[in-house]
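> Sequence and predicted structure are below.
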Amino acid sequence: MMGHSHALSGVVGWMAIVPLVQGTEILGVRFDLGPGEIIAGSFVCAGAALLPDLDHKSATITQTYGVVTKTLGALLNWLFGGHRNGTHSFLFALIMGVLTQALALWSDMAVQVFVFLLTGIALNGLGFGMDKNRTAAEVINAMGTAGIVLALYTSGVDYSWMGLAVAFGCLLHFAGDMATEMGVPLLWPASKYRFGKNMGFKTDGPIERKVITPLLTIAIVLYSIYLFPWAEMLPEA
Ligand SMILES: [Zn+2]
């Protein structure tokens, strides 16, 4: 799957799961999500849905923060045995979830930085004006990212669900890759079996372009109408 499809699936996945987890407790995390948490979670999940492709040199995410993401990508590629190997396994999702949850428990500031990075990755993945003028695109992306993170920060978003959202984003990535013809070694390193190989549609083929991407976009619009208390946000008459 292409980067933007993964990023979109992260937003849709988070919005779809919010009504299901709202008011429940999972692994000690109480889900009491307001509009701020829903928006923050969408960006975190969209960014996380791109993390597994950090193992690929030319992936959108690896290019996002220049030398920083390239070095991180090379490291992960080495640790997890090359492209679409260990970074596409349950083990990777678990490690990412645990690491980011530890980060969230450790420092409020660290979480803000991480949310900033993931939001930048998400916007980049969604193709926020990437094409023609790279410098302008990067400036727009950085400003958009900063604005979003600052708005979330001032509204006092609670990030106790961080690790679960990141792990969930990774799982959405695997689902996306399994829906294309390339299999995913979910049980790596125990087994190299690739789930979903030779099934599904072509990456960046007509189905992904003309069906999947538009459907994901429509889903985001519909979920936004459904999830947010628009009427309450209007100024009182
Ligand atoms: Zn992938």
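Good, I have the coordinates.
> Help me confirm that I121 is found in a strand?
No - secondary structure assignment (DSSP: H, G, I helix; E, B strand; the rest coil) places I121 in helix, not in a strand.
> Quickly find the element holding the residue lying closest to it once chain neighbours are set aside.
The shortest distance from I121 to any residue that is not its chain neighbour, by Cβ to Cβ, 6 or more residues apart in numbering, is 4.2 Å, and that residue is G47. All C-beta atoms are positioned from the backbone trio N, CA, C, and that covers glycine. Remark: G47 resides in helix 35-48, with elements defined by DSSP states H and E.
> and the helix or strand following that helix, what does it pack onto?
Past helix 35-48, heading to the C-terminal end, the next element that is a helix or strand (DSSP H and E) is helix 60-64. Where contact means 3 or more Cβ pairs under 8 Å, 6 or more residues apart in numbering; DSSP states H and E, helix 60-64 is packed against helix 3-21, helix 66-79, helix 108-125.
> pretty sure the residue nearest to I121 is touching F116, no?
No - contact criterion Cβ atoms under 8 Å: G47 and F116 do not qualify, at 9.9 Å.
> ok, those two, which is more surrounded?
The residue with more neighbours, out of G47 and F116, is G47; 29 against 20, by other Cβ atoms under 10 Å.
> Look at the more buried one and report its pLDDT.
Note for G47: predicted pLDDT of 95.
> give the contact list for the residue positioned nearest the centre of the chain.
For the chain, the residue sitting closest to the mean C-alpha position, by Cα atoms, centre = their mean, is A46 at 2.4 Å. When contacts are counted by Cβ atoms under 8 Å, 6 or more residues apart in numbering, A46 touches A7, L8, G10, V11, W14, L118, I121, A122, G125, L126, G169.
> now with 7 Å?
For A46, the contacting residues are A7, G10, V11, A122, G125, taking Cβ atoms under 7 Å, 6 or more residues apart in numbering as the criterion.
> And L152, by the same measure?
G36, I39, A40, V115.
> Select from the residues you listed the one having the most neighbours.
With neighbours taken as other Cβ under 10 Å, the top of the contacts of L152 is A40, carrying 28 neighbours.
> wait, isn't that residue in contact with V157?
Yes - with contact taken as Cβ atoms under 7 Å, A40 and V157 are classed as touching, separated by 4.7 Å.
> how about the nearest residue to A219, chain neighbours excluded?
Among residues not flanking A219 along the chain, V12 sits closest, at 4.6 Å (Cβ to Cβ, 6+ apart).
> ditto for G144
Nearest residue to G144, sequence neighbours excluded (Cβ to Cβ, 6+ apart): L123, at 5.6 Å.
> Run a quick check on the one you found versus N141, I expect a contact.
Yes - the pair formed by L123 and N141 meets the contact definition of Cβ under 7 Å, at 5.3 Å.
> For L126, which residues are in contact?
Counted by Cβ under 7 Å, 6+ apart, L126 has contacts H4, A7, L8.
> Quick check: of those residues, which lies closest to the ion?
The shortest distance between the ion and any of those, using Cβ to the ion, involves A7 and amounts to 12.1 Å.
> pretty sure that closest one contacts D53?
No - look at A7 against D53 with Cβ under 7 Å: they stay out of range, at 10.6 Å.
> how distant is the lengthiest helix in the chain from the center of its chain?
Taking DSSP state H as the criterion, the chain has its longest helix at helix 134-154. Computed by Cα atoms, centre = their mean, to the nearest Å, the chain-centroid distance of helix 134-154 equals 17 Å.
> One more: stretch 97-113?
Here the centre of mass of C-alpha atoms in stretch 97-113, compared against the chain's by Cα atoms, centre = their mean, lies 16 Å away.
> From one end of it to the other, what's the distance?
One end of stretch 97-113 to the other measures 16 Å (Cα to Cα, to the nearest Å).
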